[in-house]
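Q: Next come a sequence and a model predicted from it.
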Amino acid sequence: MNTLHLVCPHCNTTNRVPADKLQAALSCGKCQGVLLDDHPNSLDEAAFHAQLSKSDLPLVVDFWAPWCGPCRMMAPAFEKIAQDMRGRARFIKVNTEDEPSLAARYGIRSIPTLAVFAGGRELTRQPGAMSAPDLMRWVSAGLAKA
């Protein structure tokens, strides 16, 4: 049976999960938190790096800030895509106001900026807000590179 490593977004524990169970309701073996939410997870720097280095699922990251109008306008579309693509990728939001060193490390110069990561490396990046259909196409194309 093919298993994947999923990092819990609540306690950063790595969990082994059968690949064919990614659509099921999964709980962390340590904290019992939900492993794959239907909603994007907001992560701090430590949790982001745990996801990046230990999780087998690709990451789709929205670098944003609360004061950013385009970020707020795109948030419902990002949430919808996270629901529609549950189990294919983990959707993450990084507040650049709360995590400035993470934004600096990845050279985030404008927000929103979206990025797809897999295998610990960045595959693609897109600055600017997108509509739900454009976002779905862009994420699908990015995941195809994983």
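A: Received it, and whenever you're ready, just let me know what you need.

Q: residues contacting the closest residue to Asp44 other than its chain neighbours?
A: Spatially, and ignoring its direct neighbours in sequence, Asp44 is nearest to Glu99 (6.2 Å; CB to CB, 6 or more residues apart in numbering). Quick note: C-beta positions are derived from backbone N, CA and C, even for glycine. By CB atoms under 8 Å, 6 or more residues apart in numbering, the contact list for Glu99 reads 44-45, 48.

Q: Ok, Pro100 next?
A: By CB under 8 Å, 6+ apart, Pro100 lies in contact with nothing.

Q: hmm, back to that, any chance of TSV for the contacts of Glu99, columns neighbour count?
A: Shown next, in TSV, are these (neighbours: other CB atoms under 10 Å):
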residue	neighbour count
Asp44	14
Glu45	15
Phe48	21
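
Q: State which helix of this protein is the longest.
A: Identified as the longest helix of the chain according to DSSP state H is helix 69-84.

Q: Output the contacts of Glu99 as a markdown table; include the columns pLDDT and distance to Gly142.
A: Formatted as a markdown table, these follow (pLDDT from 0 to 100; distance: CB to CB, whole Å):
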| residue | pLDDT | distance to Gly142 |
| --- | --- | --- |
| Asp44 | 93 | 23 |
| Glu45 | 94 | 22 |
| Phe48 | 96 | 17 |
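
Q: Looking at those, which is nearest Cys31?
A: Of all these, Asp44 has the smallest distance to Cys31: 15.9 Å, by CB to CB.

Q: My guess is the closest one contacts Lys93. True?
A: No: contact criterion CB atoms under 8 Å: Asp44 and Lys93 do not qualify, at 11.3 Å.

Q: mind listing the helices for the chain?
A: 45-54, 69-84, 100-105, 132-144.

Q: Pipe those into CSV and attach distance to Gly119 per row.
A: Below are the helices of the chain laid out as CSV (distance: least, CB to CB, whole Å):
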stretch, distance to Gly119
helix 45-54, 9
helix 69-84, 21
helix 100-105, 18
helix 132-144, 12
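
Q: If anything else comes up later, I'll come back, but that's it for now.
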